[in-house]
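**Student:** Take this sequence and fold it.
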Amino acid sequence: MDCQKHLFALDSKVTYLNNAYRGPILTKAASSIQEDLERMKNPFQMSPVDFFTRVDRVKNLFANLIHATSEDIAIIPSTSYGFAVALSNWTENQGKKAITVSDEFPSGYFSAKRWSEENHGQLIVVSPEEGETSLGPVWNQRILDSIDQETGVVLLSSVHWMNGTKFDLKEIGKKCREVGALFIVDGTQSVGMMPMDVEEFQIDALICATYKWMLGPYSLALGYFGKRLQQGKPLEESWMNRTNSRNFSSLTDYQSEYILGAGRFDVGETSHFLTLPILEESLKQILSWQPENMQAYARTLKVSLLDFQQKWGLGLDLGGFSSDHLFALPLPKGIVVDQVKSALEKEQIYVSVRGTALRVSINVFNEPKDIEKLTRVLGEVYASTT
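**Tutor:** Numbers count the residues shown, from 1 in each chain. This next block holds a predicted model:
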């Protein structure tokens, strides 16, 4: 796979290594909303079918991306909304514990915490062993060891948002199914850039904000809800998720029955005329690229950066559990992380600070010269402290 920067409108003077913060939208996606804007000027051009056709297409595209069916997908506004849908419909495990990981993104942590409190259980936060040199294998094993017959829910990210640790979703999903626990995955930091298979991993709910690796808009998310949840109760009573919603002339022939599958969990005003066009175009492009190819491309750029770090004795060993698109760069002792970030931004290099490390995130619009520029500036900062 070659660099795809030509499909974006990124400032040529900027080195953007911060997709985990927010992904840029495609140039084609930005122009895709014009058609709907024109129709909003003349609403008579909009027919009832227009409220649903793009929704159906987006669900189908996302389903293809994660190896699901379109009936398993809901359009939702945020990850916290998706967590609330799943957890509010999992109330049979009174007194059982919820499990998450240390430094999980706040939406996930607080959702698991609330479920454990409301169900009179305990929240278990699984951390890697302090001082462990091979972080990934040990952390994953500790998660697996914590899942037992007293576990009601496991909620974690597919890739840790601060350092890029990959969690072993296949083994965790298998263990959850063995003990009857609900398995919820926040896919925001991997879906669109790494392969995902909800069936293979036995995931009950996969929730993804679209504005990062799916290159979509803010305030929009997609949720996969498996069969164990599809008879659940939606958070709201929308007219759009009823069996007769597509017949506008009979909406007051009130139908209590919801549409099939996870569509019952769609947020109200599902159509999102100005944001779904962006997401539709980005999903089409991602499926054309294929996440495994995107991950392989990121790997080619990551290698030279890690070689540079190792020369300074700053490797981060995740023991084979490191994502190639998102990772943390430890810094030399005595260097303040904000000092490094400031030096980078003076050169218009954009990364994130997460904890005491720099978080670098690579996408297909990046190229070798981006890494060369980053390592040059880092080398200057590192050398100034020795």
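
**Student:** For stretch 264-283, list the C-alpha coordinates in CSV.
**Tutor:** This file holds the C-alpha atoms of stretch 264-283, laid out as CSV (Å, rounded to 0.1, in the frame of the first residue of the first chain):
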residue,chain,number,x,y,z
ARG,A,264,-34.3,-0.7,18.1
PHE,A,265,-31.3,1.0,19.7
ASP,A,266,-30.9,3.6,17.0
VAL,A,267,-30.8,7.2,18.4
GLY,A,268,-33.8,9.4,17.5
GLU,A,269,-33.4,11.4,14.3
THR,A,270,-31.2,8.7,13.0
SER,A,271,-30.9,10.2,9.5
HIS,A,272,-28.2,12.7,10.4
PHE,A,273,-28.3,14.3,6.9
LEU,A,274,-25.1,16.4,7.3
THR,A,275,-22.9,13.8,9.1
LEU,A,276,-23.8,10.4,7.7
PRO,A,277,-22.7,11.4,4.1
ILE,A,278,-19.2,11.9,5.5
LEU,A,279,-19.2,8.6,7.3
GLU,A,280,-20.5,6.7,4.3
GLU,A,281,-17.7,8.0,2.1
SER,A,282,-15.0,7.2,4.7
LEU,A,283,-16.3,3.7,5.3
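
**Student:** Off-centre distance for that stretch?
**Tutor:** How far stretch 264-283 lies from its chain's middle: 16 Å, per Cα atoms, centre = their mean, to the nearest Å.

**Student:** Could you do stretch 64-73 as well?
**Tutor:** Between the mean C-alpha location of stretch 64-73 and the chain-wide mean there is a distance of 15 Å, by Cα atoms, centre = their mean.

**Student:** Any idea how far apart the tips of that stretch sit?
**Tutor:** By Cα to Cα, to the nearest Å, the extent of stretch 64-73 from end to end equals 11 Å.

**Student:** do stretch 258-274 as well
**Tutor:** Length of stretch 258-274, first residue to last, Cα to Cα: 26 Å.

**Student:** Mind listing residues that contact that stretch?
**Tutor:** For stretch 258-274, contacts defined as Cβ atoms under 8 Å, 6 or more residues apart in numbering pick out 33, 36-37, 39-40, 50-52, 54-55, 59, 69, 71-77, 81, 85, 220, 223-225, 229-230, 232, 234-236, 238-243, 245. Heads up, the C-betas are built off the backbone N, CA and C, glycines and all.

**Student:** Name the residues of that stretch that are buried.
**Tutor:** Judged by neighbour count using 16 or more other Cβ atoms under 10 Å, the buried positions of stretch 258-274 are 258-259, 261-267, 270-273.

**Student:** Could you give the backbone dihedrals for D11?
**Tutor:** The phi/psi pair for D11 (degrees, to the nearest 10) reads phi -60, psi 130.

**Student:** For my notes, please list the buried residues of stretch 258-274 in CSV and give secondary structure, distance to T165 and pLDDT for each entry.
**Tutor:** Converted to CSV, the buried residues of stretch 258-274 look like this (DSSP: H, G, I helix; E, B strand; the rest coil; distance: Cβ to Cβ, whole Å; pLDDT from 0 to 100):
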residue, secondary structure, distance to T165, pLDDT
Y258, strand, 38, 95
I259, coil, 38, 93
G261, helix, 32, 97
A262, helix, 29, 98
G263, helix, 34, 97
R264, helix, 34, 98
F265, helix, 29, 98
D266, coil, 32, 98
V267, coil, 31, 98
T270, coil, 34, 96
S271, coil, 37, 94
H272, coil, 33, 94
F273, coil, 38, 93
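
**Student:** got the phi/psi numbers for the closest residue to R39 other than its chain neighbours?
**Tutor:** Excluding the flanking residues, the one nearest R39 by Cβ to Cβ, 6 or more residues apart in numbering is Q45, at 4.6 Å. Backbone torsions of Q45, given as degrees, to the nearest 10, read phi -80, psi -10.
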